[in-house]
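Student: Provided below for reference: sequence and predicted model.
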Amino acid sequence: RTRLERWSTLEDAVELIRHSRRIIVLSGAGISTSCGIPDFRSSTGLYANLQNEGKFDLDDPQQMFDIVYFREKPEVFYSFAKQIYPSNFIPSQCHRWIKMLDDKGYLLRNYTQNIDTLESLAGVERVLQCHGSFKTASCLRCKTRVPGQNIEPYIMSQKVPYCTVCKSKRAEEVELRRKIKAQTQKKSGNGRAKIAWEGDDDSSEEEESEWGGGEPGIMKPDITFFGQALDSEFDECLFKDREEVDLLVIIGTSLKVAPVSEVLTHIPHSVPQININLTPVHHVHPDICLLGDADSIVTYLSERLGWEIPPPAVIPK
Ligand code: OAD
Ligand code: ZN
């Protein structure tokens with residue numbers, strides 16, 4: 001039997017949710033649009049805005065989140081990052097619906113692609129931020145990881161933050177080089193200094209130091225860019241969860257970005273799938289498609305289930 005013959009109606013969706021106990025919710029930008037955060041690929045989304053504004057030096061709007069481009073021109077991302085930095089947003093009905101599933105013990109895990117951290121703000125505990133967040137930032141060079149707050153002033157003032165660990169190593173090395181040069185000068189040209197920074201005029205005659213020379217690394221928020229691997233936690237969770245999941249609910253994602261879009265194929269065929277989205281997602285074939293605004297749909301489902309969505313934990317000022 002095809003999926004469509006098993007379950008297909010809104011009634012079926014209500015009953016599937018009622019009788020499931022280990023639900024995976026796979027969510028995307030569509031659950032945060034009602035909070036005032038644009039999604040990526042809609043006509044009013046971030047990529048269309050970037051394209052229309054044309055104010056950044058991009059061939060393709062997705063370059064804004066491309067690691068190769070970032071390494072080359074970090075200033076472009078930092079002139080924009082402020083716009084997507086989580087600020088005073090209030091979780092939507094959807095976030096709170098997920099929280100409700102979590103409270104009831106029905107949620108196996110929420111795999112979210114969103115970096116706005118609204119799931120956590122809504123109190124969802126069993127959430128995996130597949131594309132990372134601004135919570136931490138790492139040096140592209142020495143990999144030192146720091147709390148995200150450390151780079152917040154740079155994001156707000158649209159400046160590129162550099163790694164302080166690299167900077168201090170560099171300073172140590174400059175000092176060491178200075179000492180060695182002074183010593184070799186004393187020895188009247190005997191035994192040349194062996195440390196060089198990239199770009200030093202006389203570096204061809206000198207071998208590289210332990211640190212390797214060069215500039216301090218650029219700090220990048222730990223959000224996953226195109227060309228970067230997801231955290232291994234994603235694979236680890238999926239590996240476990242696929243054995244346990246009894247219902248997949250996909251909300252507000254175009255399912256265009258792998259490997260999150262491939263979650264569907266990793267889950268046993270016997271597990272029912274419900275897709276809630278404003279627009280049809282043509283390349284997937286869930287059992288039940290609920291087309292419309294996600295907040296309205298989850299509110300309706302909850303009413304039918306007789307379950308109450310918790311109120312927002314954060315009250316607007
Ligand atoms: P997309 O913008 O690709 O898809 C969002 C989907 O949500 C679209 O299909 C919209 O129709 C739908 N949608 C919008 N508002 C809705 C609403 N009120 N109710 C229901 N559905 C609604 O965003 P994602 O699929 O989340 O990655 O994008 C995936 C990844 O691509 C993002 O995590 C981001 C991006 O590049 C990185 O930045 C690494
Ligand atoms: Zn560093």
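Tutor: Nice, I can see it. Residues are numbered from 1 along each chain as shown. Ligands and ions are numbered 1, 2, ... in the order given.
Student: contacting residues for the closest residue to Lys159 other than its chain neighbours?
Tutor: Nearest non-adjacent residue to Lys159, counting by C-beta to C-beta, 6 or more residues apart in numbering: Tyr78, 6.3 Å away. Quick note: C-beta positions are derived from backbone N, CA and C, even for glycine. Listed by C-beta atoms under 8 Å, 6 or more residues apart in numbering, the contact set of Tyr78 reads Tyr154, Ile155, Gln158, Lys159, Val160, Pro161.
Student: per-residue confidence at the fifth one?
Tutor: Going back to what we said before, that points to Val160. Per-residue pLDDT puts Val160 at 97.
Student: Figure out the helix or strand that it lives in.
Tutor: Assigned by DSSP states H and E, Val160 falls within no helix or strand.
Student: which stretches of the stretch 201-317 of the chain form strands?
Tutor: For the stretch 201-317 of the chain, applying DSSP state E, counting those that start in this stretch gives strands covering 219-223, 247-251, 273-277, 288-291.
Student: Can you confirm whether the biggest helix by length in the chain lies near ligand 2?
Tutor: Ranked by residue count, the top helix of the chain under DSSP state H comes out as helix 164-186. Yes - residues of helix 164-186 are located near ligand 2 by C-beta under 5 Å from the ion, namely Val165, Cys166.
Student: Can you measure across stretch 156-173, start residue to end residue?
Tutor: Its first and final residues considered, stretch 156-173 spans 31 Å by C-alpha to C-alpha, to the nearest Å.
Student: what does stretch 267-285 give?
Tutor: 13 Å.
Student: Around ligand 2, which positions in the stretch 51-200 of the chain sit nearby?
Tutor: Within the stretch 51-200 of the chain, the residues that sit near ligand 2 (C-beta under 5 Å from the ion) are Cys139, Arg141, Cys142, Thr144, Cys163, Val165, Cys166.
Student: Phi first, then psi, for the third one.
Tutor: The phi and psi torsions at Cys142 (degrees, to the nearest 10) take the values phi -100, psi 0.
Student: Repeat that for the fifth one.
Tutor: In this entry, Cys163 is assigned phi and psi values of phi -70, psi 130 (degrees, to the nearest 10).
Student: Counting neighbours, what do you get for it?
Tutor: Close neighbours of Cys163, defined as other C-beta atoms under 10 Å, add up to 24.
Student: what do you get for the fourth one?
Tutor: Burial of Thr144, expressed as a neighbour count using other C-beta under 10 Å, amounts to 14.
Student: Just list the residues touching it, thanks.
Tutor: So Thr144 contacts Ser138, Cys163, Val165, Cys166 (C-beta under 8 Å, 6+ apart).
Student: Same check on Ile115?
Tutor: Ile115 is in contact with Ile84, Pro86, Gln129, His131, Gly132, Ser133, Phe134, Ile223, counting by C-beta under 8 Å, 6+ apart.
Student: re the thing from before, can you redo the strands of the stretch 201-317 of the chain as a markdown table with mean neighbour count?
Tutor: Formatted as a markdown table, the strands of the stretch 201-317 of the chain follow (neighbours: other C-beta atoms under 10 Å):
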| stretch | mean neighbour count |
| --- | --- |
| strand 219-223 | 22 |
| strand 247-251 | 25 |
| strand 273-277 | 24 |
| strand 288-291 | 18 |
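Student: got these as CSV, with distance to Arg304 and mean pLDDT columns?
Tutor: Shown next, in CSV, are the strands of the stretch 201-317 of the chain (distance: least, C-beta to C-beta, whole Å; pLDDT from 0 to 100):
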stretch, distance to Arg304, mean pLDDT
strand 219-223, 36, 97
strand 247-251, 15, 98
strand 273-277, 13, 97
strand 288-291, 12, 96
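Student: can you redo the ones you listed as CSV with distance to Gln113?
Tutor: Formatted as CSV, the strands of the stretch 201-317 of the chain follow (distance: least, C-beta to C-beta, whole Å):
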stretch, distance to Gln113
strand 219-223, 10
strand 247-251, 11
strand 273-277, 13
strand 288-291, 19
